[in-house]
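K.L.:
Need coordinates for the below:
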Amino acid sequence: MSQTANKDSRLHIRCDERTRQLLDKAAGYARVNLSEFVLSRAIAAAERIVQQQESITLRVEDFQAFLAALDAPDGPNTALQRAVERHAEQVERS
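P.N.:
Numbers count the residues shown, from 1 in each chain. Model (predicted):
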């Protein structure tokens, strides 16, 4: 995260005293203030979760099958052909 980023949004978190002491101790060991510690760890976790949810990992053989399907797509099915014909008729009427 950029040091020059405009920080205009607040996040309030409630926790028990034991958790607060643990976070304060960890932040001290990391030599950052509590806000920087919590925010940096939360950002790292959020990036990891978003990446896991938004990416697809394929085995080599599955990836090869995917590429082959892209190289040799099936022709249009009946429903697509009807849709194209209806569209052409509507365009002609306009």
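K.L.:
average pLDDT for the helix or strand containing A79?
P.N.:
Using DSSP states H and E, A79 sits in helix 78-93. Regarding helix 78-93, the rounded mean pLDDT is 92.
K.L.:
Same question for that helix: list its buried residues.
P.N.:
Buried residues in helix 78-93, counted by 16 or more other CB atoms under 10 Å: none are found. Just so you know, the C-beta spots here come from the backbone N, C-alpha and C atoms, and that holds for glycine as well.
K.L.:
and if you look at stretch 48-61?
P.N.:
Result for stretch 48-61 [16+ other CB under 10 Å]: no buried residues.
K.L.:
Just the pLDDT for A5.
P.N.:
73.
K.L.:
which residues does it contact?
P.N.:
By CB atoms under 8 Å, 6 or more residues apart in numbering, the contact set of A5 is empty.
K.L.:
Dump the helix holding A79 to CSV, restricted to CA.
P.N.:
Extracted in CSV, the C-alpha atoms of helix 78-93 (Å, rounded to 0.1, in the frame of the first residue of the first chain):
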residue,chain,number,x,y,z
THR,A,78,-30.0,-24.6,-33.3
ALA,A,79,-31.0,-22.0,-30.7
LEU,A,80,-28.2,-19.6,-31.8
GLN,A,81,-29.1,-20.0,-35.4
ARG,A,82,-32.8,-19.2,-34.6
ALA,A,83,-31.7,-16.1,-32.6
VAL,A,84,-29.6,-14.9,-35.5
GLU,A,85,-32.5,-15.3,-37.9
ARG,A,86,-34.9,-13.5,-35.6
HIS,A,87,-32.4,-10.7,-35.3
ALA,A,88,-31.9,-10.4,-39.0
GLU,A,89,-35.7,-10.3,-39.5
GLN,A,90,-36.0,-7.5,-36.9
VAL,A,91,-33.2,-5.5,-38.5
GLU,A,92,-34.8,-5.8,-41.9
ARG,A,93,-38.1,-4.5,-40.5
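K.L.:
contact partners of stretch 69-79?
P.N.:
Stretch 69-79 is contacted by residues V84 when judged by CB under 8 Å, 6+ apart.
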